[in-house]
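Asks: Based on what follows, work out the 3D shape:
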Amino acid sequence: VKYEQFLEAVVNGDEHTVRQLIDFRHLVQSRHPRTHTTTIHLSAIFERPIILRILLKKDRNLVDSRDAEGRSPLHYAAAIAGTLGPKGLKLEENLDESTNIQQSVEEEECFDILLDYGANEALLDVEGYTPMNFHRSPHLLDMHQIRGLNQFPIRPGDNIDELIAQRNVKALREIVLAGDYKSQIEGRIFPPESRDLAPTLLHLQTRILAIHEAIRNKDQRTLKQLVDSWDTATGKDEYGRTPLHIAVLYGRARMARYLLLLFPRCVDLVDKAQRTSLHYASCLPDEHQRTQMTRILYRAGAEISSKINGNKITKKSKKIKENDENEEEEKMDGQKEDEFPDIEKVILSDSDDEDESTEEDLIRTNWRINKNDEMGGNEGGGEGEGEEMFLVKDSDGDESIVDENIERRVLSIDFNQKQYRQLEQLYSEGLGGKVWLVVKKHLGNEKLVKYIYAYRQAQNRLSQVFGAIESNDFRKLKILLDEEIVQARDLRGLTPLHIAVLEERHEMVEFIANQFPAHINISDHLGRTVAHYAAPQQNAIYDTLSDLGADIKIPDKNGFSAERYRANPKQMVRPLPLLNINEKEKKINK
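Replies: Residues are numbered from 1 along each chain as shown. The predicted model follows:
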């Protein structure tokens, strides 16, 4: 018990408890059960300079102790004290500038304390790095991950931890699409073998929220750019609301028609309170808007949805339905077409619907969806016991502010080129949402908009090429592949040649390498070329690539060459599996 109390006190910075327990037997030599870090390591990792001094005064022989990775406390303190370490790390967690300055001083102090106690600056870890390597290049250590691995007490694992450890991308993706990224996944991907999942899942979450924001802002152009699959058209927020729910909620008739035209089955989806878009429409405060949105949803098949979920709709909505049926019987010709214009013309129109409410109207009316009364068909809409209220309000906040650094990076791109290196890097860093804000701000920049559109088109074609390689369709691969696509990279930085190697398609590898020799050494975001991934395989692809000019001595970001992986194949970790729409949704969208 005292052992656990002592480790927890060190991690949490509880100086009083540390002083109380430090003289009890050999507690100062305690180690973390998962990472084998000592209390000195933990003090450095969690930046506890005062506790670090207390521990070293008790036993200075621990100053060069090693953890499971062969690193001493100085390795971690050096990475934190590195030139870019404190600012890059702390600006994400604290917005107060004075706090950043104070913590930066503390970070440097941990590093200096260890040096004062004689820590060895030339000590090598298992990867061959010294503390000074980390001080000069702090990005070599992911301190966020290291802190997560060294948290104490260790949180009991659940099914989400199991999915992360198993790299079950499909299940984790479904959690994000269901709107549970923040509540179940965010800040939990720490295992080294699964760490590359974090930016990919964050990118998906950011894209979903960007689509919702585009609907709130009546940004039809951005909506069209971002919605390109069933997943993006039905991705939910934390309340389980799909883009169609948001479109109905804010009275965006044109956007609702667009979503229903592309993915008509989304009309049946429900939020976490089992409410369909029709239920939302039936509670709109404006009568004309309520009538219009309800008609749009009924004609898309929303009546089926309301029956499936066993919920009633309001009497007003039923009356709209009856009137709608009567009108259809009486107005089968020109009058009907005037009232309800061709849906494709509406979608392609640049003008907004007259009856779309502004966000100021929504905030002013402060309308609510009542789970027990409104959904039960009570016209009065009185507030009963146990009712669940849903307040609509603007959620822009600080997230709508364009990041100047991201804006500068985007606008510095040469939009005339057919390469997307800078854009690929931004998306791989999980900055897709911020890129979207930049594009939204500069919609008048025709070159930028065309470049973003061309990038999306290239990514779609790249996905088709990956599919051809996976299915071993050589004929399709030859048709799709060209100079632009062979050097295009997905979120992981993988090119068609990477995928061909990973799928062990020897003939395809040989074809791509022969046809496009200039791109044989393109690396992914981990700095790994195709030769790196071919190295541990038990086949002849590695030798073929070497014969065709692949450089087997190029180091990845860990400093390892393909040659080294060939000699130590167990060190290689395969990249994240491809993220495909599941077969069920593919059938729905046909």
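
Asks: Next, the residues that contact the longest helix anywhere in the chain from outside, please.
Replies: Secondary structure assigned by DSSP state H gives helix 446-470 as the longest helix of the chain. The contact list for helix 446-470 (CB atoms under 8 Å, 6 or more residues apart in numbering) reads 221, 225, 228, 410-411, 413, 415-416, 418, 420, 423, 435, 439, 442-443, 473-474, 476-477, 480-481, 484-485, 488-490, 496, 499-500, 503, 505, 508, 578, 580. No exception for glycine: its C-beta is placed from N, CA and C like everyone else's.

Asks: pLDDT of that helix, averaged?
Replies: In this model, helix 446-470 has an average pLDDT of 86.

Asks: So which bits of that helix are buried?
Replies: Using 16 or more other CB atoms under 10 Å as the test for burial, helix 446-470 gives 448-449, 451-452, 455, 458-459, 461-463, 465-469.

Asks: Moving C-terminal from it, which element do we reach first?
Replies: Next helix or strand after helix 446-470 toward the C-terminus (DSSP states H and E): helix 474-480.

Asks: other SSEs contacting that following helix?
Replies: Helices and strands touching helix 474-480, as assessed by 3 or more CB pairs under 8 Å, 6 or more residues apart in numbering; DSSP states H and E, comprise helix 446-470, helix 506-515.

Asks: now with 10 Å?
Replies: Under the contact criterion of 3 or more CB pairs under 10 Å, 6 or more residues apart in numbering; DSSP states H and E, helix 474-480 touches helix 446-470, helix 496-502, helix 506-515.

Asks: rewinding a little: so how far is the longest helix of the chain off the chain centroid?
Replies: Computed by CA atoms, centre = their mean, to the nearest Å, the separation of helix 446-470 from the middle of its chain amounts to 19 Å.

Asks: Next, the angle helix 506-515 makes with it.
Replies: The directions of helix 446-470 and helix 506-515 differ by 140 degrees, with axes from the mean of the first three to the mean of the last three CA atoms, to 10 degrees as the criterion.

Asks: circling back: give me the buried subset of the contacts of helix 446-470.
Replies: For the contacts of helix 446-470, buried by 16+ other CB under 10 Å: 225, 410, 413, 420, 423, 435, 439, 442, 477, 480-481, 485, 488-490, 496, 499-500, 503, 505, 508, 578, 580.

Asks: any weak-confidence spans in this structure?
Replies: Low-confidence segments of the chain, defined by pLDDT under 70, span residues 83-108, 156-157, 190-193, 195, 303-400, 573, 576-590.

Asks: nearest spatial neighbour of the residue most central in space within it, skipping sequence neighbours?
Replies: Note on the chain: the residue nearest the mean C-alpha position is residue 202, at 1.1 Å, using CA atoms, centre = their mean. Beyond its immediate neighbours in the sequence, the residue positioned closest to residue 202 (CB to CB, 6 or more residues apart in numbering) is residue 430, lying 4.0 Å away.

Asks: How is the chain partitioned into domains?
Replies: Per the record, the chain has its domains at 2-149, 201-397, 404-571, by automatic domain parsing.

Asks: hang on, the earlier thing: turn the helices and strands packed on helix 474-480 into a markdown table, including distance to residue 552.
Replies: Converted to a markdown table, the helices and strands packed on helix 474-480 look like this (distance: least, CB to CB, whole Å):
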| stretch | distance to residue 552 |
| --- | --- |
| helix 446-470 | 22 |
| helix 496-502 | 13 |
| helix 506-515 | 14 |
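
Asks: separation between residue 440 and residue 186?
Replies: Remark: distance between residue 440 and residue 186 (CB to CB, to the nearest Å) = 24 Å.

Asks: More neighbours: those two, which one.
Replies: Neighbours of residue 440 and residue 186, each counted by other CB atoms under 10 Å, are more numerous for residue 440; the result is 18 against 14.

Asks: ok, the more buried one to residue 151 distance?
Replies: Taking CB to CB, one finds residue 440 at 38 Å from residue 151.

Asks: Over to residue 441?
Replies: Taking CB to CB as the measure, residue 441 falls 39 Å from residue 151.

Asks: Likewise for residue 268?
Replies: Counting by CB to CB, the gap from residue 268 to residue 151 is 42 Å.

Asks: what's the answer for residue 165, then?
Replies: 16 Å.

Asks: more neighbours, these two?
Replies: With neighbours defined as other CB under 10 Å, residue 165 and residue 151 compare such that residue 151 has more, 16 against 13.

Asks: who's in contact with that one?
Replies: Taking CB atoms under 10 Å, 6 or more residues apart in numbering, we find residue 151 in contact with 8, 11, 12, 32, 34, 42, 46, 190.

Asks: can you redo those residues as CSV with neighbour count?
Replies: Below are the contacts of residue 151 laid out as CSV (neighbours: other CB atoms under 10 Å):
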residue, neighbour count
8, 15
11, 21
12, 15
32, 22
34, 13
42, 29
46, 22
190, 20
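
Asks: closest to residue 136 among those?
Replies: For those, the closest approach to residue 136 (CB to CB) belongs to residue 46, at 22.7 Å.

Asks: quick one: residue 239 from residue 177, how far?
Replies: Plainly put, residue 239 is 14 Å away from residue 177 if you go by CB to CB.

Asks: between these two, who's got more neighbours?
Replies: In terms of neighbours (other CB under 10 Å), residue 177 is the more surrounded of residue 239 and residue 177; the figures are 20 against 12.

Asks: For the residue nearest to the more buried one when sequence neighbours are not counted, grab phi and psi.
Replies: Once flanking residues are discounted, residue 177 sits nearest to residue 235: 5.2 Å by CB to CB, 6+ apart. In terms of degrees, to the nearest 10, the main-chain angles of residue 235 are phi -60, psi 130.

Asks: same deal with the one 10 residues further on?
Replies: The main-chain torsion angles of residue 245 are listed as degrees, to the nearest 10 and equal phi -60, psi -50.

Asks: And for residue 414, the neighbour number?
Replies: 9.

Asks: so how far is residue 445 from it?
Replies: The span separating residue 414 from residue 445 equals 14 Å under the rule CB to CB.

Asks: ok, now residue 44?
Replies: Look at residue 44 and residue 445: by CB to CB, they are 47 Å apart.

Asks: So for those two, which residue has more residues nearby?
Replies: Each of residue 44 and residue 445 had its neighbours counted (other CB under 10 Å), and the higher figure belongs to residue 44 (31 against 16).

Asks: Please enumerate the strands of the stretch 151-300 of the chain.
Replies: With DSSP state E, counting those that start in this stretch as the criterion, the stretch 151-300 of the chain has no strands.

Asks: angle of the helix or strand containing residue 427 against helix 446-470?
Replies: Under DSSP H and E, the secondary-structure element containing residue 427 is helix 421-428. Taking the same axes, to 10 degrees, helix 421-428 and helix 446-470 form an angle of 70 degrees between their directions.
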